[in-house]
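Novice: Generate a structure from the sequence data that follows.
(chains A, B, C and D)
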2 protein chains.
Amino acid sequence: MERPARATNRETREHNERLVLATIYDRSPISRAGVARLTGLTRTSVSDVVEGLLASGMCREIGHGPSTGGKAPILIEVPGDARLLVGVDLGDQAFTAAIVNLRGSILQRVDVPSENADGDEALRLAVDVIERVMGLAGGPALGVGIGVPGLIDARAGMIIQSVARDWRMLALGRILEDHLGLPVYLANDCQAAVLAEHVFGATRGPNLIMVKAGRGIGAGFVINGEPFLGDGYGAGEIGHTVVDPCGRTCRCGRRGCLETVASVPAVLGDLSDRIGRPVSLGEALDRHQRREPLALEVVRRAGEQLGSALGGLVDALHVRRFVLAGAMAAFGEPWMEAVASAASDRALSALAADTTFELGGVEDVVVLGASALLMTRELGLTLHPHGLPEREGVGER
Amino acid sequence: MERPARATNRETREHNERLVLATIYDRSPISRAGVARLTGLTRTSVSDVVEGLLASGMCREIGHGPSTGGKAPILIEVPGDARLLVGVDLGDQAFTAAIVNLRGSILQRVDVPSENADGDEALRLAVDVIERVMGLAGGPALGVGIGVPGLIDARAGMIIQSVARDWRMLALGRILEDHLGLPVYLANDCQAAVLAEHVFGATRGPNLIMVKAGRGIGAGFVINGEPFLGDGYGAGEIGHTVVDPCGRTCRCGRRGCLETVASVPAVLGDLSDRIGRPVSLGEALDRHQRREPLALEVVRRAGEQLGSALGGLVDALHVRRFVLAGAMAAFGEPWMEAVASAASDRALSALAADTTFELGGVEDVVVLGASALLMTRELGLTLHPHGLPEREGVGER
DNA sequence: TCCCTTTGTCCAATGCATGGACAATGTCTC
DNA sequence: GAGACATTGTCCATGCATTGGACAAAGGGA
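Specialist: Numbering: from 1, shown residues only, chains lettered A, B, ... in the order given. Down below sits the predicted model:
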């Protein structure tokens, strides 16, 4: 993402400000001296930077910590609500906007159904949802992050194409920035979702793949600590890879796409065929919960198809951590295990053994990911800045 | 690759030195003022940096250029032989070491067959090849870059496992650095090969995938301008992804790996079966060259199998540029077109239309890639530093 | 010939991290 | 309880980086 540009003292300062802020955010509460040890900066420099952070409210002194044989340190933290984030999910079935704090907690939310809105009407609906949630915020927001299904030029804040809304070349980022007077960041929904795990998630690592399976199927990548979007912003569009050239016809017009065998509609379709009448997602989840063999079988097969498709990625990328999210994740462990075992069957055993699959969120991954996008871009914050030593003292000076 | 660390005036300087050097390397001949325009640095700073580069021999003044209405500029270039690189390919069938200049031209080379060497004997053979080629260099070398098949910890310069040589946890990098007194960089052979295209290749772009198909099949990735190795250095190990669970038994012990259907041995095996006697690669190439239907058919099917496997990557990563190299590339256009068309059949059409497949080198990709690795790591040079404006004047000041 | 543009260098100013010194404030040992 | 020692946070002089203005050199164009 970052391109070569000239460096000057100002860049040096900004770099170190981000580094100090990220360290305090990640390791709080921590003293100035502790930050100095972790980052390799001198105590002098850290103090200087912290002074600015205190003045801007990004940091706060929260009293003294225990002494380790000398003067007791003054502990510093980044208050969770030092800034408010607005995260937005312009999903196929609903538009959701939420006020999110710096720790990834949702404070307020507004939901509206969106299934039938398109064009300018959908645009008005989106603006409306965002304005309503900002009215509930109780303070100024840092900016807005948005996840949208479709092909999104994240750099320009432009929707290249979003089929469900009939949006093409819509400069949503600029429109909203002009309207709100705040920075606005756009991303594809799956590319946003992966950031929710990367930024707010429990474990650390520079590489991460999120697979979001619901009505559609898509993936998002974090590679070398940065979101990877591909040359034309289409990275992660795995839903229409052909897995069975003789399979069912997909909504994209071709046969046997992954979506025709592993998505929610595919599962519901299978189940409906077997039962002989339409089945809702709620009923399917219910039958699955009650361990009905038919439901288990259908869900397992859907998981296996997804896993087979992912096997190629396990080998090709050797990324250790896959997170499975979206509506399908509501089927829980049995589904995830089918995915994991099928992926393992396809992949080189040494690499498969190295790979972990986890269940992610069903509902709010896009909202949280959009917030995380805003936070990383605007503040440079990641909960786990890879590269920092695990323990203090490594950078001892 | 680059991890967050503190920034200081020294880092600023190093960053700008790399930037100036890379700009001169890429755009030579160019004047100091031209570099200043492209990079955004002041003429003062550029002059200061260039002074150091001239002193170290990394740059050279080559006379005056035409005036554009003012004082004629002094043109500067990076001489191709300002430094000598040693690139090494410790391949399955031969060890090759070469002296390579900064433009990717091979000046000297030494080849030895290696098929039966393993363990310490293979290590001695490798050292011997490197020393022999360095004797032919006619000048001091900048360092050594090495490509090895297997699982390589590029950061530590350690061979985690290389089956053909029976090497496990061999700290080849340290051993050679101690022995030669020069910096040594290691990488997996395919991960090195992709750098040959990225650094010395004709076109520019931040993302690139090289697929090397020979006796084995592997891939190398450049993602966001950096080599991508995966969490455990296994990125690109696509040869043992199962493409047909009922297929032939692979040397890895499983059935239907990609290597069993798309590698050189697979093609030769198929051809031998059909003809009824053993066929060498030379004969196969010969028959293919003469457009014998049988050979065309066998090669086409091998290409299609590889293409199907790559289709998933086209969708998942949306990387525009694939380069197909290795011994199979000797089959040329017909093979490549089979790969491309099968990949296209599997992938989402919008993404497939965006993707180009090219033929890469048959022989020297690993040697050149290993040289490129050394050059980028040691000098920070890439022929196409993405992010520089295409034309002068964009960063006008 | 005169004017203007471009190039490359010189120099003072500014910003930033450094490193040593120091006061404040703890713990630990005798 | 007193003294030795360690740790924290700040102050100040120093070094190093880019910047920006000024200037001389060198060339084109009217």
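Novice: A:W167 contacts A:I152, doesn't it?
Specialist: No. Contact criterion C-beta atoms under 8 Å: A:W167 and A:I152 do not qualify, at 10.1 Å. The C-beta positions use only the backbone N, C-alpha and C, and glycine is treated the same way.
Novice: which residues are in contact with both of those two?
Specialist: When contacts are counted by C-beta atoms under 8 Å, 6 or more residues apart in numbering or on different chains, A:W167 and A:I152 have A:I159 as shared neighbours.
Novice: The two: which is more packed in?
Specialist: For the pair A:W167 and A:I152, the greater number of neighbours falls to A:I152 (28 against 22), based on other C-beta atoms under 10 Å in any protein chain shown.
Novice: need the contact list for the nearest residue to A:N188 once chain neighbours are set aside.
Specialist: Once flanking residues are discounted, A:N188 sits nearest to A:I152: 4.6 Å by C-beta to C-beta, 6 or more residues apart in numbering or on different chains. Listed by C-beta under 8 Å, 6+ apart, the contact partners of A:I152 are A:158-160, A:162, A:186-188, A:191, A:233.
Novice: Now for the residue of the stretch 51-200 of chain A found nearest chain B, how many residues are close by?
Specialist: Per C-beta to the nearest C-beta, A:L151 is where the stretch 51-200 of chain A lies closest to chain B, at 7.9 Å. For A:L151, the tally of surrounding residues (other C-beta under 10 Å) stands at 20.
Novice: Likewise for A:G205?
Specialist: Number of residues near A:G205 (other C-beta under 10 Å) recorded here: 15.
Novice: Which residues are in contact with the spatially closest residue to A:C257 that is not a sequence neighbour?
Specialist: In space, A:C257 comes closest to A:C250 once its chain neighbours are excluded; the distance is 4.0 Å by C-beta to C-beta, 6+ apart. Neighbouring residues of A:C250 by C-beta under 8 Å, 6+ apart: A:240, A:256-257, A:259-260.
Novice: roughly how far apart are A:C250 and A:L151?
Specialist: The gap separating A:C250 from A:L151 is 17 Å, by C-beta to C-beta, to the nearest Å.
Novice: Likewise for A:T96?
Specialist: 21 Å.
Novice: Repeat that for A:T355.
Specialist: On the measure of C-beta to C-beta, A:T355 and A:L151 end up 28 Å apart.
Novice: go on, A:H240?
Specialist: A:H240 is 12 Å from A:L151, by C-beta to C-beta.
Novice: With A:E283 instead?
Specialist: For A:E283, the distance to A:L151 equals 34 Å [C-beta to C-beta].
Novice: what does A:V264 give?
Specialist: A:V264 is 22 Å from A:L151, by C-beta to C-beta.
Novice: With A:F95 instead?
Specialist: Plainly put, A:F95 is 19 Å away from A:L151 if you go by C-beta to C-beta.
Novice: Could you do A:V184 as well?
Specialist: A:V184 is 18 Å from A:L151, by C-beta to C-beta.
Novice: So what's the residue count around the residue of the stretch 201-350 of chain A found nearest DNA strand D?
Specialist: Here the stretch 201-350 of chain A gets closest to DNA strand D at one residue, A:R204, 23.9 Å apart by C-beta to the nearest atom of the strand. Here the number of neighbours of A:R204 (other C-beta under 10 Å) works out to 16.
Novice: next one: the one 3 residues further on
Specialist: Here the count is done by other C-beta under 10 Å, and A:N207 has 23 residues near it.
Novice: confidence score at whichever residue of chain A sits closest to DNA strand D?
Specialist: Residue of chain A nearest DNA strand D, by C-beta to the nearest atom of the strand: A:G70 (1.8 Å). Looking at A:G70, its pLDDT is 90.
Novice: Repeat that for A:G253.
Specialist: Note on A:G253: pLDDT of 84.
Novice: Tell me the gap between the helix or strand bottoming out on mean pLDDT in chain A and the middle of its chain.
Specialist: For chain A, counting by mean pLDDT, DSSP states H and E, helix A:349-353 ranks last in confidence among helices and strands (a mean of 89). Relative to its parent chain, helix A:349-353 has a centroid offset of 26 Å by C-alpha atoms, centre = their mean, to the nearest Å.
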